[in-house]
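> Fold the following and give me the result.
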Amino acid sequence: MIQDTKRQTKDADLTRRAHHSNAELSDGPVVVLFVGIHGNETAGVIAAERVLKELSAADGSVNGSLYVIEGNSEALARGVRYVDRDLNRLWEMYNTENDFSAFVDQEVPAPVEYLESLRIKASIEEILEKHDGDQQEFIFADLHTTSSESCAFILLNDTLSNRALARKFPVPQILGIEENIHGTLLSYINNLGFRSIGFEAGAHTSEKSVTRSEAFIRLLLHNCGLLRLELPALKKAESEIRAYSEIPETYFEIRYHYLVDDAEQFRMLPGFRNFHMIEKGTPLAYDKGKLGRAPESGRIFMPLYQKKGDDGFLIIREVSPFWLTLSAWMRESFFHSLLRFLPGVDKKDEQTFEVDREVAQYLVKEIFHLLGYRVTEKDRWTYVCYRR
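Just a heads-up that it's a prediction; the model follows:
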């Protein structure tokens, strides 16, 4: 975390950016919603405004505090995904050689999204400081939409506490997104030690995305005990976000991720939507004039139908209930203490291992995933495994 966030954001209008309801209450959970992290995704903004307006008139029925933090204000004003950089891809850059802080120190114009991220960080820190010592539960959720038609679904970093929160919603759950899409706000929040999930409501311009976003917020507040929904309202909200009948309300894992160098030269073939079943060899997209086919069977996930972004498409598969149960048990077991004795495994600190891929050639990701580790490539010969 940057230590001089407040200095670098002295001109930020935090009151405008972080709207709240019942922020003075000391009891109940603290729920923080992020909306408009991408400027062309307004469904969450509209839905949050509706819920805040309703809660402001619901005196005495709210048990806790709700905050709504506006994301990329400049991109929202322009109606574009981002201005200079993707705001949801730079949260791992802080205190690295790619950190943008030199722009501020040298009084050189910084990327718009870097300044936006500092203001969001300041809002987060302000909320945490405000409720420090209250022994309250903090829950964070990031609301998005997609460039293709889609049912609603949830993204989560694969921790047991995130699983417990996400399974309360009748939608598909995508595990381990942080291994494939780096620098997300969700990962930043998880690294602070708090539960966080992402909610994808559907297509950018669909009215259903607003309805689903609003239903998700109501269910989140109900599930964490901040706002009690009567049974008819609860069933209505669950019905509004429920996935299509052909898509299981279960966990999925990412099997393949196609990255794009230049979105202007990438063209997804028409007709694909999230969770569309595909077979190995299915033609999927043209990139720089070359046709790309599915390297394996599964379901297409987040196909890119816009001219900004570097995630062309992903392929996902269902995770077996046995694997999920086994991983939950192993994460509470003594197996963590045995990892350092495995061939090619080097313990760097209490949370991190590095694995020599020439020595440990089989089931590295599977073993570390079972034990709750995030697995990324340091280089072509080395995995870095960080305990979530």
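> contacting residues around the closest residue to Asn274 other than its chain neighbours?
Once flanking residues are discounted, Asn274 sits nearest to Ser150: 3.6 Å by Cβ to Cβ, 6 or more residues apart in numbering. Using the backbone N, CA and C atoms, a C-beta is placed for each residue, glycine as well. Contacts for Ser150 (Cβ atoms under 8 Å, 6 or more residues apart in numbering) come out as Glu200, Gly202, Ala203, Arg273, Asn274, Phe275.
> Adding secondary structure and neighbour count, write the residues you listed out as a markdown table.
Output for the contacts of Ser150, formatted as a markdown table (DSSP: H, G, I helix; E, B strand; the rest coil; neighbours: other Cβ atoms under 10 Å):
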| residue | secondary structure | neighbour count |
| --- | --- | --- |
| Glu200 | strand | 27 |
| Gly202 | strand | 26 |
| Ala203 | strand | 18 |
| Arg273 | coil | 16 |
| Asn274 | coil | 27 |
| Phe275 | coil | 20 |
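> Can you name the two of those that sit furthest apart?
Ala203 and Phe275 (13.4 Å; Cβ to Cβ).
> circling back to that earlier point, looking at the contacts of Ser150, spot the one nearest Thr250.
Closest to Thr250, out of all of the contacts of Ser150 and judged by Cβ to Cβ, is Phe275, at 11.4 Å.
> just for the chain, where's the confidence low?
Residues of the chain that meet the criterion pLDDT under 70 lie in 1-18, 21-26, 58-60, 94-108, 133-135.
> Got the domain ranges for it?
Domain ranges of the chain: 5-241, 253-318, 321-387, per automatic domain parsing.
> Make CSV out of those domains and add distance to Ile247.
Compiled in CSV, the domains of the chain are given as follows (distance: least, Cβ to Cβ, whole Å):
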stretch, distance to Ile247
domain 5-241, 6
domain 253-318, 5
domain 321-387, 17
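> ranking those by burial, who's on top?
domain 5-241 (a mean of 19; mean count of other Cβ atoms under 10 Å).
> so what's the nearest residue to Thr159 once chain neighbours are set aside up against?
Distances taken as Cβ to Cβ, 6+ apart put Arg388 closest to Thr159, at 4.8 Å, once the chain neighbours are dropped. Contact analysis of Arg388 by Cβ under 8 Å, 6+ apart lists Asn157, Asp158, Thr159, Asn190, Gly372, Tyr373, Arg374.
> so how far is Asn191 from Arg388?
9 Å (Cβ to Cβ, to the nearest Å).
> So which residues of the stretch 1-150 of the chain form strands?
For the stretch 1-150 of the chain, strands defined by DSSP state E, counting those that start in this stretch occupy the ranges 18-21, 30-35, 65-70, 138-146.
> after the longest one, next one along is what?
Note on strand 138-146: by DSSP states H and E, the next helix or strand toward the C-terminus is strand 153-156.
> what's next to the helix or strand just after that following strand, contact-wise?
Note on strand 153-156: by DSSP H and E, the next helix or strand toward the C-terminus is helix 160-166. Contacts with helix 160-166, where a contact means Cβ under 8 Å, 6+ apart, come from 139, 154, 156, 173, 190, 195-197, 223-224, 251, 324, 328, 331, 372.
> among those, which are in helices?
Asn190, Asn223, Leu324, Ala328, Arg331 (DSSP state H).
> Tell me how far the closest residue to the fourth one other than its chain neighbours lies from Glu200.
Put plainly, it is Ala328. Leaving aside its sequence neighbours, Ala328 sits nearest to Leu160 (Cβ to Cβ, 6+ apart; 6.0 Å). Relative to Glu200, Leu160 is positioned 22 Å away (Cβ to Cβ).
> Next: Val80.
Val80 is 19 Å from Glu200, by Cβ to Cβ.
> Go ahead and confirm Ser123 touches Ile69.
Yes. Between Ser123 and Ile69 there is a contact at 5.1 Å, judged by Cβ atoms under 8 Å.
> Quick one: residues contacting Arg212.
Contacts of Arg212 by Cβ under 8 Å, 6+ apart are Ala43, Ala152, Ala201, Gly202, Glu240, Ile241.
> can I assume it sits in a helix?
Yes. Assessed by DSSP: H, G, I helix; E, B strand; the rest coil, Arg212 belongs to a helix.
> Which residue, other than its chain neighbours, is closest to it?
Ala201 (4.2 Å).
> That neighbour touches Ser209, doesn't it?
Yes. Using Cβ under 8 Å, Ala201 is in contact with Ser209, at 4.0 Å.
> Could you tell me which residues touch both of these two?
With Cβ under 8 Å, 6+ apart, Ala201 and Ser209 have common neighbours Ala43, Thr145.
> Make TSV from the contacts of Arg388 and add distance to Glu318 to it.
As requested, the contacts of Arg388 are exported to TSV (distance: Cβ to Cβ, whole Å):
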residue	distance to Glu318
Asn157	19
Asp158	15
Thr159	20
Asn190	23
Gly372	20
Tyr373	21
Arg374	21
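> now, the most widely separated pair of those residues?
Asn190 and Tyr373 (13.2 Å).
> State the phi and psi torsions of Tyr305.
phi -120, psi 40 (degrees, to the nearest 10).
> Distance-wise, check it relative to Gly312.
10 Å.
> Mutual contacts of these two, please.
Joint contacts of Tyr305 and Gly312 (Cβ under 8 Å, 6+ apart) are Met268.
> pretty sure Leu143 is touching Val35, no?
Yes. Taking contacts as Cβ under 8 Å, Leu143 lies within contact range of Val35: 5.1 Å.
> how about the ones in helices among the contacts of helix 160-166, which pair is most distant?
Farthest pair in those, by Cβ to Cβ: Asn223 and Arg331, 22.6 Å.
> Spit out the contact partners of Val375.
Here Val375 is in contact with Glu179, Val364, Lys365, Phe368, His369, Tyr383, Val384, Cys385 (criterion: Cβ under 8 Å, 6+ apart).
> close enough to count as contact, the second one and Asp356?
No. Counting by Cβ under 8 Å, Asp356 is not a contact partner of Val364; they are 9.8 Å apart.
> so what sits against both of those two?
Joint contacts of Val364 and Asp356 (Cβ under 8 Å, 6+ apart) do not exist.
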